[in-house]
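Engineer: Next comes the sequence, and after it the predicted model I'd like to discuss.
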Amino acid sequence: MIDLSYIRFESSWCLWFLLLVPVAYAVLYLKLNAAPVAFSFPYFKELNTYIPNLKIKTRLFPFHLKMLSLVLLIIALAGPQSKTAFSETEVEGVDMIITLDVSVSMLSKDFNPDRITVAKRVLADFISKRQNDRIALVTFGGFAHTQCPLTIDHKFVLQQLQDIEAGTNDQGTAIGSGIGMAVARLNKSNAKSKVLILVSDGVNNAGEISPEIAGDLAQQYQIRVYSIGVGKRGKALSPARLNPDGSFGFDYTDVEIDEALLKGISKKTGGMYYRATSLDELESIYKTINALEKTKFDETLTVSHVPYYRWVLIPACILWLLSWILKNTYYKTILY
């Protein structure tokens, strides 16, 4: 079915001829109506039995059909066609690596139940909102480990995120190694936008590469680093000793985060540093990063036209032919 709201005319100037139709109709109608009606009978004897009332009343019917046919013919010449528009969207996602500190201090209980659990929960929500991005996971404690390579399969990323545990890596906090591992994963990426999100609660005290050098590498490969320092200010109930049964004993210890280091790395790479001292702040930080690192959509609008002149031309021809047939058959005995 044709949707008239999407009809356009290729040669719309032809429609101006429609203005001549009423003029032609009026002139011809008056001429035909003013002419005396006469009948032609091949056999005079039929005159007594012929009742011409119906023919007289409808004698202009072929003329009306012909005028209607003319209107449709002009419309067909104007080239009616549909205007169908559809868009093709090209998505340019972000290649993003989340580098998560899994040192034993991430078990500190200044977040409920602890830092690592809250960090994973908020990260899962963040990942679910980055539908068009490739995401990878890197963890670091005493050394760095690729938990999940860059992938668009976010279900797999979330599964790997849930498997992360704190305190199982070697003792220490190798921030430089964590950044370096992420840079090694991102430097071969062809994405125009490359992002590293670093989540840590401590001070670099392990690893074979310094955070400063790792930050320089991130800058060299145009990787923006967003750093998040996790932990309340002051003291926090943190793992302080390893019990004989393998569990951790907790004591209140000072929260030490090398904010100057994290700020410097983020600044030189074009990113930002944030401090999260609560769940609400951490959620707000990820919302901010989500808004800053927008996926680009390039939309191409394509317009196609389907000709409909046949839908008008065919009825025009049928009406014209019907007019000719009626005039030369049923109305043949009427002389104008």
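Structural biologist: That came in fine, so what should we check first?
Engineer: Spatially nearest residue to T168 (excluding sequence neighbours)?
Structural biologist: V102 (7.1 Å; CB to CB, 6 or more residues apart in numbering). Backbone N, C-alpha and C define where each C-beta goes, glycine included.
Engineer: ok, longest helix in the protein?
Structural biologist: Counting residues, the longest helix found in the chain (DSSP state H) is helix 309-327.
Engineer: what packs against that one?
Structural biologist: helix 61-77, strand 80-92 (3 or more CB pairs under 8 Å, 6 or more residues apart in numbering; DSSP states H and E).
Engineer: Now do the buried residues in it.
Structural biologist: Buried residues in helix 309-327, defined by neighbour count with 16 or more other CB atoms under 10 Å: 309, 312-313, 315-316, 319-320, 323, 326-327.
Engineer: Stretch 197-208 now?
Structural biologist: 197-202, 204, 206-207.
Engineer: Looking at those residues, which gets the smallest pLDDT?
Structural biologist: Minimum pLDDT for the buried residues of stretch 197-208 is recorded at G202 (86).
Engineer: Got the phi and psi for it?
Structural biologist: Main-chain dihedrals, G202, degrees, to the nearest 10: phi -140, psi -150.
Engineer: Report the contact partners of it.
Structural biologist: 101, 103, 105, 173, 175, 256-258 (CB atoms under 8 Å, 6 or more residues apart in numbering).
Engineer: before we move on, what about L68?
Structural biologist: Residues in contact with L68 (CB under 8 Å, 6+ apart) are L319.
Engineer: Look up the pLDDT of it for me, please.
Structural biologist: 90.
Engineer: quick one: it from Y25, how far?
Structural biologist: From L68 over to Y25 the distance is 10 Å, taken as CB to CB, to the nearest Å.
Engineer: Please apply the same query to I164.
Structural biologist: 84 Å.
Engineer: now do H145
Structural biologist: For H145, the distance to Y25 - CB to CB - is 87 Å.
Engineer: Next: M106.
Structural biologist: 89 Å.
Engineer: Which of the two has more residues huddled nearby?
Structural biologist: The neighbour comparison of M106 against Y25 (other CB atoms under 10 Å) goes to M106, with 30 against 17.
Engineer: Could you tell me how many residues sit around the closest residue to L292 other than its chain neighbours?
Structural biologist: Nearest residue to L292, sequence neighbours excluded (CB to CB, 6+ apart): M272, at 7.6 Å. M272 sits with 17 neighbouring residues when counted by other CB under 10 Å.
Engineer: likewise the one 4 residues further on?
Structural biologist: Summarising burial for A276: neighbours were counted as other CB under 10 Å, giving 24.
Engineer: beta partners for it?
Structural biologist: V230 (DSSP bridges).
Engineer: Surely it touches L282?
Structural biologist: Yes - using CB atoms under 8 Å, A276 is in contact with L282, at 3.9 Å.
Engineer: Spit out the residues that contact those two alike.
Structural biologist: In contact with both A276 and L282: 228, 230, using CB under 8 Å, 6+ apart.
Engineer: circling back to that earlier point, run through the residues that contact the residue nearest to L292.
Structural biologist: By CB under 8 Å, 6+ apart, M272 lies in contact with 226-227, 266, 288-289, 292.
Engineer: of those, buried ones?
Structural biologist: Buried among the contacts of M272 by 16+ other CB under 10 Å: 226-227, 266, 289.
Engineer: can you redo the buried residues of helix 309-327 as TSV with distance to G93 and pLDDT?
Structural biologist: TSV is the format used below for the buried residues of helix 309-327 (distance: CB to CB, whole Å; pLDDT from 0 to 100):
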residue	distance to G93	pLDDT
Y309	45	82
V312	48	86
L313	50	89
P315	52	89
A316	54	88
L319	58	88
W320	60	90
S323	64	86
L326	68	84
K327	70	82
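Engineer: Just name the closest of the residues you listed to D114, please.
Structural biologist: Taking CB to CB as the measure, D114 lies nearest Y309 of the buried residues of helix 309-327, at 73.2 Å.
Engineer: From C14, how far off is that closest one?
Structural biologist: In terms of CB to CB, Y309 sits 11 Å off from C14.
Engineer: joint contacts of these two?
Structural biologist: 77, 79.
Engineer: Could you pull out the strands in the stretch 1-150 of the chain for me?
Structural biologist: Using DSSP state E, counting those that start in this stretch, the strands assigned to the stretch 1-150 of the chain run over residues 7-9, 38-39, 80-92, 95-101, 134-140, 144-151.
Engineer: List just the one of those strands that sits closest to L60.
Structural biologist: strand 38-39 (15.2 Å).
Engineer: so can I have TSV of the buried residues of stretch 197-208 showing secondary structure and distance to A240?
Structural biologist: Below are these laid out as TSV (DSSP: H, G, I helix; E, B strand; the rest coil; distance: CB to CB, whole Å):
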residue	secondary structure	distance to A240
I197	strand	29
L198	strand	25
V199	strand	22
S200	strand	19
D201	coil	15
G202	coil	14
N204	coil	21
A206	coil	19
G207	coil	23
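Engineer: ok, back up a step: please pick the buried ones from the contacts of G202.
Structural biologist: 101, 103, 105, 173, 175, 257-258.
Engineer: got a list of what V122 touches?
Structural biologist: Here V122 is in contact with 279, 282-283, 286 (criterion: CB under 8 Å, 6+ apart).
Engineer: Having no further points to raise, I will conclude here.
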